[in-house]
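Colleague: I'll drop the sequence and a predicted model, then ask my questions.
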Amino acid sequence: MKRLSIPAVLLVLAACQSAPPRYSYQPPPPPPSAPMQPYKGPQAQQQRVRPPVPSYGGGSAGPLSAKNVGAYMDGLERDLRHYLRGIPVARPGDVVVLNLKSDDMFERSSLSDDGRDLLRNLSAALRHYDHTAVQVTGFTDTRGTPDKNLEASQKRADAVAAELRADGVDAHRLTATGMGRSHLKVATGDGVSEARNRRIEIRIVPKPG
């Protein structure tokens, strides 16, 4: 075997060092930046979607007699659970009871948009199940004086009844009562802010005949 001379070895090593690498890493190009969008304000970003209104074709659920009270109120309860999702619906006997949070229904002393939408759907069901009486009762927590609480609860009950009446529920079927701080849902001491006590209760009572 022939030996390579020292100059030849040096030339070979130099050629190896100067040859470009066979594989080289190229970082990917940065993604194109999204174009800036003009700011349109919170109202444009949070468009409010109104819930669908139940459609009964403008007709009544039919006559109500003592024999079919249970089935009649079953239909009302079923419809309210479907169209008023998220609202507690109770059924003590043949009475249907809704428990509405005042904080969700009102903005200060006026009905909120969400409150109006809920009552709009409720009134559609009440117009269909028209052989019923509707008792609206307002309650407060223990903040403020008893007289002020009684006045505030009556105003809110009146506002709910007026909205139902404006949506086509017969005024003769409606009563509105303010109970103030009596009949607390959650027992508290005086001067306590408790959202569960600030509520509107709607009792729907069958009226055969």
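Modeller: Sure thing, it's come through.

Colleague: name the next helix or strand downstream of the lowest-mean-pLDDT helix or strand in the chain, please.
Modeller: When each helix and strand of the chain is scored by mean pLDDT, DSSP states H and E, helix 42-45 comes last, with a mean of 46. Per DSSP states H and E, helix 42-45 leads on to helix 69-83 as the next helix or strand towards the C-terminus.

Colleague: Leu122 touches Val160, doesn't it?
Modeller: No - between Leu122 and Val160 there is no contact, the gap being 9.4 Å when judged by C-beta atoms under 8 Å. All C-beta atoms are positioned from the backbone trio N, CA, C, and that covers glycine.

Colleague: can you check which residues contact both of these two?
Modeller: Ile202 (C-beta atoms under 8 Å, 6 or more residues apart in numbering).

Colleague: for Asp167, see how far away the closest residue to Ser55 other than its chain neighbours is.
Modeller: Leaving aside its chain neighbours, Ser55 sits nearest to Ala124 (7.7 Å; criterion: C-beta to C-beta, 6 or more residues apart in numbering). Distance of Ala124 to Asp167, computed by C-beta to C-beta, to the nearest Å: 8 Å.

Colleague: with Ser112 instead?
Modeller: Counting by C-beta to C-beta, the gap from Ser112 to Asp167 is 16 Å.

Colleague: higher neighbour count, the two?
Modeller: Regarding Ser112 and Asp167, a neighbour count based on other C-beta atoms under 10 Å identifies Asp167 as having more, with 17 against 14.

Colleague: contact partners for the nearest residue to that one once chain neighbours are set aside?
Modeller: Excluding the flanking residues, the one nearest Asp167 by C-beta to C-beta, 6+ apart is Ser123, at 3.5 Å. Ser123 makes contact with Glu163, Leu164, Asp167, Gly168, Val169 under the criterion C-beta under 8 Å, 6+ apart.

Colleague: what ranges do the helices span in the chain?
Modeller: Applying DSSP state H to the chain gives helices spanning 6-18, 42-45, 69-83, 102-105, 113-128, 146-166.

Colleague: TSV for these, including distance to Thr188?
Modeller: Output for the helices of the chain, formatted as TSV (distance: least, C-beta to C-beta, whole Å):
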stretch	distance to Thr188
helix 6-18	86
helix 42-45	35
helix 69-83	29
helix 102-105	16
helix 113-128	24
helix 146-166	13
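
Colleague: lowest-confidence stretch among these?
Modeller: Confidence, taken as mean pLDDT, is least for helix 42-45 of the helices of the chain (a mean of 46).

Colleague: can you get me the start-to-end distance on stretch 93-107?
Modeller: 33 Å (C-alpha to C-alpha, to the nearest Å).

Colleague: show me how far that stretch is from its chain's centre.
Modeller: With C-alpha atoms, centre = their mean, to the nearest Å as the basis, stretch 93-107 stands 13 Å off its chain's centre.
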